[in-house]
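K.L.:
sequence and predicted model, in that order:
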Amino acid sequence: TSLFERLDLQLSDARREQLFAYLDITGDGRIDQKEFEDGWDFLVEAAIEEAADSLGISDARIAIALIALVLWLSFLFTFIFLAIQGWFSEGSFESTVQSLFICVSGGMTKALRKKTSGESSQSLTETINAIMKDSTATAAAKAA
C-alpha cells in the first residue's frame, strides 16, 4: 500500500487491495517495474472511477441527465415551432398558440426573474416599521 501513498492516491482500503491484487501478477506480494507499467492504465482508470464515485457521479445519473436534457430540448423546439407556425397563420388554433406563447413567456419571466426587496412582503413590512419608528422618534424629539 505504500505505492498508493507515494502516488498520493486517495483510495479506499478495499480499492487499494483490489488494485494491488490486479497489479501483482506474480503473486509474490511485491509490484516490480514491469507489473507497474503494465497496470498503469488500470490504475489511472481506477483513480478516475474513485474520484467520480466520491463526487456522486455515476453512469446512471449521467444517462438520466442526458435523457432529461433531450426531453427538455424537444419540448422547447416543439413549442417554438408551434409558436412560429401560429404567429404567421390566422385561425382559431393559431390564436390559441399565440395566447399560450404569451402566457408561458410571462409566467417564465415572472418565475425566473429575481424579486427586488420592495416586492417581498417581509421586506416591505420591515421598511414600513423602520420608517414608522424613525418618524415616531423624530416627532418625540420635536415635542421635547
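P.N.:
Everything's here; your move. All values reported here derive from a predicted model rather than from experimental measurement. Numbers count the residues shown, from 1 in each chain.
K.L.:
what mean pLDDT does the helix ranked longest in the chain have?
P.N.:
Of all the elements of type helix in the chain, the one with the most residues (DSSP state H) is helix 59-88. In this model, helix 59-88 carries a mean pLDDT of 87.
K.L.:
just checking, what packs against it?
P.N.:
Counting contacts by 3 or more C-beta pairs under 8 Å, 6 or more residues apart in numbering; DSSP states H and E, helix 59-88 packs against helix 92-112. Where you see a C-beta, it was placed from the backbone N, CA and C, and this is true even at glycine.
K.L.:
how far is the very next helix or strand once past the helix it packs on from where the chain is centred?
P.N.:
Note on helix 92-112: by DSSP states H and E, the next helix or strand toward the C-terminus is helix 121-143. Per C-alpha atoms, centre = their mean, to the nearest Å, the displacement of helix 121-143 from the mean C-alpha position of its chain is 42 Å.
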